[in-house]
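**Student:** test case, fold it:
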Amino acid sequence: MPEGDTVFHTAATLREKLVGLTLTRCDVRVPRYATVDLTGQVVDEVLSRGKHLFIRVGWASIHSHMKMDGTWRVGNRRMRVDHRARIILEAGDVRAVGVDLGVLEILERDDDVAVVAHLGPDLLGDDWDPKLAVANLTADPDRPLSEALLDQRVLAGVGNVYANELCFVTGHLPTAPVSSVADPLRLVSRARDMLWVNRFRWNRCTTGDTRGGRLMWVYGRAGQPCRRCGTPIAHRDPPDGSTERVQYWCPVCQR
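**Tutor:** Okay, here's the model as predicted:
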């Protein structure tokens, strides 16, 4: 599931493979931008901001957001492309394909960051400011903790995996109010630490144990024993049609 660490890693991969190269193919498979052709332009920068990714090419900035299922795949020109591709970029022998992207748009490069101006401090960015993140988090003390963590206006980069894991390591139910967190600075710092250690690997780990089956504390472990107390992990699926997210917690360790 793409969260801030995945987007950061994706940007690093695209940066390594594309920056400095001239595009020999630009195939945008989104009707609104289908006529845009950046062939002949040089890839200057690739950067991430929270869960957003920007590829700056010539006058343009290719802005994408992976949402729940999207990905960028990078390989050689023999790499398979199917109907899920939203954009294909080629430079020499390199092919980068944006697959199932939730958002794909071509922006004017000089004003591309305007689309992310609403975001809170980026957990993996140069603008990371823990004090501002705490101020944003505690602005609505009655808000459920998991909901607040998922709000990208509070801090940018946390998705549902990290929201559930952060609630566990701080001992709070996902539904507990923000006001129940005694040390919000410690919470946002732990969020930063979790994303930071995972920023260059695809197999996300929050427990510190990278062996198979030991990566997560609670997420995706419904019915399995809590790693701390042995109590079966509980979970709640969102109601049909709801924008809520699935939640996992330990009934003993989290209050």
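
**Student:** just the pLDDT for residue 64.
**Tutor:** At residue 64, the model reports a pLDDT of 98.

**Student:** for it, give me its contacts.
**Tutor:** By CB atoms under 8 Å, 6 or more residues apart in numbering, the residues touching residue 64 are 52, 53, 55, 70, 72, 86, 87, 98, 101, 103, 104, 105. C-beta: built from backbone N, CA, C; applies to glycine.

**Student:** out of these, which is nearest to residue 224?
**Tutor:** When these are compared for distance to residue 224 (CB to CB), residue 70 wins out at 28.5 Å.

**Student:** show the contacting residues for the nearest residue to the closest one once chain neighbours are set aside.
**Tutor:** The spatial neighbour of residue 70 that comes closest, neighbours along the chain excluded (CB to CB, 6 or more residues apart in numbering), is residue 101 at 4.2 Å. The contact partners of residue 101, by CB under 8 Å, 6+ apart, come to 64, 65, 66, 67, 70, 86, 87.

**Student:** the closest residue to residue 46 other than its chain neighbours: how many residues sit nearby?
**Tutor:** Leaving aside its chain neighbours, residue 46 sits nearest to residue 15 (4.1 Å; criterion: CB to CB, 6+ apart). For residue 15, the count of nearby residues is 16 (other CB atoms under 10 Å).

**Student:** next up, phi/psi of residue 15, please.
**Tutor:** Here is the backbone geometry of residue 15 (degrees, to the nearest 10): phi -60, psi -50.

**Student:** quick check: it touching residue 44?
**Tutor:** No - between residue 15 and residue 44 there is no contact under CB atoms under 8 Å: 10.3 Å.

**Student:** can you confirm residue 135 is in a strand?
**Tutor:** No - with DSSP: H, G, I helix; E, B strand; the rest coil as the criterion, residue 135 is assigned helix and is not in a strand.

**Student:** mind checking the SS state of residue 141?
**Tutor:** At residue 141 the chain is in coil, as set by three-state DSSP.

**Student:** check contacts around it.
**Tutor:** Applying CB under 8 Å, 6+ apart to residue 141 gives the contacts 177, 178, 179.

**Student:** swap in 10 Å and give it another go.
**Tutor:** Residue 141 is in contact with 148, 177, 178, 179, 180, 181, counting by CB atoms under 10 Å, 6 or more residues apart in numbering.

**Student:** now residue 237
**Tutor:** 222, 244, 245, 246, 247.

**Student:** pLDDT at the last one, what is it?
**Tutor:** Each residue has a pLDDT score; the one for residue 247 is 97.

**Student:** overlap in contacts, residue 15 and residue 44.
**Tutor:** residue 55.

**Student:** sorry, back to before: tell me which two of the contacts of residue 141 sit farthest apart.
**Tutor:** Within those, two members stand farthest from each other by CB to CB: 148 and 180, at 11.5 Å.

**Student:** of the two, which one has the most company?
**Tutor:** Neighbour tally, residue 148 and residue 180, criterion other CB under 10 Å: the higher count belongs to residue 148, 23 against 13.

**Student:** surely the more buried one meets residue 172?
**Tutor:** No - counting by CB atoms under 10 Å, residue 148 stays clear of residue 172, with 11.2 Å between them.

**Student:** so what pLDDT did residue 212 get?
**Tutor:** 88.

**Student:** what's around it, how many residues?
**Tutor:** Residues within reach of residue 212, counting by other CB under 10 Å, total 7.
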